[in-house]
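Trainee: okay, structure incoming, though there's no sequence with it:
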């Protein structure tokens, strides 16, 4: 629900006056964050963003930590400049970035014939068969033999009911989607089967070996846009940032969230809240398994934004900028990758490319860390449902129901959740 300016205008004007802005031309609500409200502020000479933090988020977000990392990334030119913070840290004023659209790419000419004999597009495999496939591990992929044409479709269009990837341009927020671990794994299976088919054809034609670089080049040729490349560039820039004084492991984050939930469980939070807590408690064995898998592939933590969903990224001049640093800290390198994979509408080919290029020579991960990616995606959605239930515990009425709705949206994205 977007902020309602009419009920809040006098308060916002008073806050802006404290920030030194008195000649206000316009106040417009921006997309409402899940734990904050944002407003586009226009004056005769400049544009700004005013952010209002929600009280409920303060219980598990350190504002000092958030501001530390925001200023750090702004200095590195990876975030908008933070211009002013209210004394109670409830309001932030920052630079407004005019975001650009993401253009689509033409299909490379050598792959155009793959489209000519495709029939029954709506019947091609999309996301629906994924959950039923039984694939939830990268070392348990089931290969198959798609035709070159249908294989191309599967790799280039993850969901044919959402045609916006083929649009000429789209805003970065239009990339919002949900990808579970099973979806990711089945996409990997499609990729490997399709590449093998292509390699067999190539080998029969010229008797030459199939080199890894050729595999990636083929996939690059069938990507609908540069989203994966821009995300990779940002991920590589972020991992080079200093970790700073703050750190939390995946296990420590779970322990913190879990302890808070158990504290709330002792109070009467109502049947709706308690029933969802029971759902979450029912998958604790799986959660411990995923955390152990991630711990086994960790060499050292790195700088992590930890919430790189499409609503927290702005595209300008072929570079992505981050906003919203409530969860930023030093943590597991796969946390960063998992958020991107779980929340962006990327094709299987784009995911495949992004994963291989992100992991290549990564100093913070073991050489077999790719096997832990499904666990990292699982833990992203686990933390999402923990967060939703914690926020619901701090709120009431309509706002609480919104957080219950978020819990119900995220819950099916966790394996073994029903």
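Mentor: Cool, the structure landed. None of these values were measured; they are calculated from a predicted model. Residues are numbered from 1 along each chain as shown.

Trainee: correct me, but residue 225 touches residue 101?
Mentor: No. The pair residue 225 and residue 101 does not pass the contact test of Cβ atoms under 8 Å, sitting 10.1 Å apart. Any C-beta I mention is one placed from the backbone N, CA and C, and that applies to glycine too.

Trainee: so for these two, which residue has more residues nearby?
Mentor: Between residue 225 and residue 101, counted using other Cβ atoms under 10 Å, the more crowded position is residue 225 (20 against 13).

Trainee: need the per-residue pLDDT for that one.
Mentor: At residue 225, the pLDDT value in this model is 92.

Trainee: which stretches in the chain count as helices?
Mentor: 9-18, 63-75, 148-156, 181-206, 212-220, 227-239, 250-265, 271-281, 284-296, 333-343, 348-359, 373-393, 397-410 (DSSP state H).

Trainee: turn these into CSV, columns for mean neighbour count and distance to residue 37.
Mentor: Shown next, in CSV, are those (neighbours: other Cβ atoms under 10 Å; distance: least, Cβ to Cβ, whole Å):
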stretch, mean neighbour count, distance to residue 37
helix 9-18, 14, 10
helix 63-75, 18, 16
helix 148-156, 21, 37
helix 181-206, 19, 32
helix 212-220, 15, 40
helix 227-239, 19, 25
helix 250-265, 16, 23
helix 271-281, 15, 24
helix 284-296, 16, 32
helix 333-343, 26, 21
helix 348-359, 22, 32
helix 373-393, 24, 14
helix 397-410, 16, 12
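
Trainee: quick one on the thing from earlier: for residue 225 and residue 101, list the residues in contact with both.
Mentor: Contact criterion Cβ atoms under 8 Å, 6 or more residues apart in numbering; residues shared by residue 225 and residue 101: residue 170.

Trainee: where does this structure have its least confident helix or strand?
Mentor: helix 148-156 (a mean of 40; mean pLDDT, DSSP states H and E).

Trainee: now do stretch 408-418, average pLDDT.
Mentor: For stretch 408-418, the mean per-residue pLDDT is 86.

Trainee: contacts made by it with the rest, please.
Mentor: Under the contact criterion Cβ under 8 Å, 6+ apart, stretch 408-418 has outside partners 136, 178, 180-182, 276, 279, 283, 286, 342, 378, 381-382, 384-385, 388.

Trainee: what's the closest of these to residue 58?
Mentor: Using Cβ to Cβ, residue 388 is the member of the contacts of stretch 408-418 that sits closest to residue 58, with 16.5 Å.

Trainee: count the neighbours of residue 396 for me.
Mentor: The burial count for residue 396: 10, using other Cβ under 10 Å.

Trainee: with residue 37 instead?
Mentor: Residue 37: 21 neighbours (other Cβ under 10 Å).

Trainee: so residue 373 makes contact with residue 332?
Mentor: No. Look at residue 373 against residue 332 with Cβ under 8 Å: they stay out of range, at 11.6 Å.

Trainee: could you measure from residue 413 over to residue 86?
Mentor: 36 Å (Cβ to Cβ, to the nearest Å).

Trainee: ok, which of the helices of the chain comes nearest residue 325?
Mentor: For the helices of the chain, proximity to residue 325 was assessed by Cβ to Cβ; helix 63-75 is nearest, at 4.7 Å.

Trainee: pLDDT below threshold where in this structure?
Mentor: Low-confidence segments of the chain, defined by pLDDT under 70: 1-7, 32-34, 56-57, 107-167, 200-210, 417-418.

Trainee: let's see 80
Mentor: Flagging of the chain using pLDDT under 80 yields the residue ranges 1-7, 31-35, 55-60, 105-168, 198-213, 416-418.

Trainee: now residue 105: closest residue in space, sequence neighbours ignored.
Mentor: residue 225 (5.7 Å; Cβ to Cβ, 6 or more residues apart in numbering).

Trainee: tell me the contacts of the one you found?
Mentor: Contact partners of residue 225, counting by Cβ under 8 Å, 6+ apart, are 102, 103, 104, 105, 165, 170.

Trainee: could I get these in a markdown table, plus columns for neighbour count?
Mentor: Formatted as a markdown table, those follow (neighbours: other Cβ atoms under 10 Å):
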| residue | neighbour count |
| --- | --- |
| 102 | 21 |
| 103 | 11 |
| 104 | 17 |
| 105 | 13 |
| 165 | 24 |
| 170 | 19 |
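
Trainee: so which of the helices of the chain comes closest to residue 92?
Mentor: Among the helices of the chain, helix 63-75 sits nearest to residue 92 (Cβ to Cβ), with 8.0 Å.
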